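Colleague: Kindly generate the corresponding structure for this input.
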Amino acid sequence: MSERQVVYGRNPVREALRGRRTVHRVWAGEGASREDWLRGATVERADDGRLTELCGSPDHQGVCAEADPYPYVDPGSLLEAPDALVLCLDQIQDPHNLGAVCRVAECAGASGVVIGERRSAEITAAACKASAGAVEHLPVARVRNVADWLAEAKEAGAWVYGAAAGGRHYAEVDYGGKAVLVLGAEGAGIRPRVAAACDDAVSLPIRGRTESLNVSTAAAALVYGILQLRVDKAP
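Modeller: Residues are numbered from 1 along each chain as shown. Modelled structure (predicted):
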């Protein structure tokens, strides 16, 4: 069995206590230990230095917890719903970007997020913190090969759209049914083989002088844009 994970920060610990995995221990400073959401949990007192030592970060906000390893899901399960919307991340290596995208996906009610097993950030404690605990409620799957999984997604009836500069305006596309939105790493973008596995390329309009958006900001704009388009076209 993989090692347990120490998550830190008030939102991540609170959501871990409400989420799918078992929390075994909680450490908290004097202030955080009085939070209502910690009632019922076994809490050990710890000062800032001890908390930093336990979680490896000074950004613990006075609380951290030891939980079971992150529970990744079967990637095939993400496309079961007839209107599934899945975000697929191609070599996003920064755990903070991964966490921020997961927060967007969970808040928007997406079916889940797919990440690669290699050269990609995992759901670490840092990603949990960046997601404000959203990863505890969001299905996240890891796949050996992103391009191969996209081919499987199309076989399952999904249309696959890659976010790329120069693509069609995202609002020109019909996102009815199952849809997968692929986002690449900042700078490098989507790799050629992954781009070739997409049915179409879509983009956001850039009207200012800055050439691109942060991946999590682009994810937020595209996901909520897709949701609005679905609402507008609903009978």
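Colleague: elements contacting the helix or strand containing G167?
Modeller: Using DSSP states H and E, the element containing G167 is strand 159-169. Counting contacts by 3 or more C-beta pairs under 8 Å, 6 or more residues apart in numbering; DSSP states H and E, strand 159-169 packs against helix 146-155, strand 179-184, helix 192-196, strand 200-203. To be clear about C-beta, it is placed using only N, CA and C from the backbone, and glycine gets the same treatment.
Colleague: export the ones you listed to TSV and tack on mean neighbour count, mean pLDDT and distance to S120?
Modeller: What follows is these, written out as TSV (neighbours: other C-beta atoms under 10 Å; pLDDT from 0 to 100; distance: least, C-beta to C-beta, whole Å):
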stretch	mean neighbour count	mean pLDDT	distance to S120
helix 146-155	18	96	9
strand 179-184	25	96	11
helix 192-196	15	95	12
strand 200-203	18	95	21
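Colleague: can these go into CSV with extra columns for distance to A65?
Modeller: What follows is these, written out as CSV (distance: least, C-beta to C-beta, whole Å):
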stretch, distance to A65
helix 146-155, 32
strand 179-184, 30
helix 192-196, 36
strand 200-203, 39
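Colleague: and V113, that one's in a helix?
Modeller: No - assessed with DSSP: H, G, I helix; E, B strand; the rest coil, V113 is strand; it does not lie in a helix.
Colleague: So in terms of bridging, what pairs with it?
Modeller: L87, V140 (DSSP bridges).
Colleague: Show me the shaky parts of the chain.
Modeller: 1-2, 235 (pLDDT under 70).
Colleague: which residues in it form strands?
Modeller: 5-8, 23-28, 43-45, 63-67, 85-90, 112-116, 140-143, 159-169, 179-184, 200-203 (DSSP state E).
Colleague: In a markdown table: the ones you listed, plus distance to L17.
Modeller: Below are those laid out as a markdown table (distance: least, C-beta to C-beta, whole Å):
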| stretch | distance to L17 |
| --- | --- |
| strand 5-8 | 10 |
| strand 23-28 | 5 |
| strand 43-45 | 11 |
| strand 63-67 | 7 |
| strand 85-90 | 26 |
| strand 112-116 | 22 |
| strand 140-143 | 19 |
| strand 159-169 | 34 |
| strand 179-184 | 30 |
| strand 200-203 | 38 |
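Colleague: Name the residue closest to the centre of the protein, please.
Modeller: C102 (2.0 Å; C-alpha atoms, centre = their mean).
Colleague: Surely that residue touches H137?
Modeller: No - here C102 does not reach H137: they are 9.7 Å apart, not a contact under C-beta atoms under 8 Å.
Colleague: Identify the structural domains in the protein and state their residue ranges.
Modeller: Following automatic domain parsing, one gets these domains for the chain: 5-67, 75-233.
Colleague: First-to-last residue distance for the first one?
Modeller: Here the two ends of domain 5-67 are set 5 Å apart, with distance taken as C-alpha to C-alpha, to the nearest Å.
Colleague: Over to the longest one?
Modeller: Counting by C-alpha to C-alpha, the length from the leading to the trailing residue of domain 75-233 is 28 Å.
Colleague: gap between it and the chain center?
Modeller: 9 Å (C-alpha atoms, centre = their mean, to the nearest Å).
Colleague: do stretch 25-33 as well
Modeller: Using C-alpha atoms, centre = their mean, the offset of stretch 25-33 from its chain centre is 27 Å.
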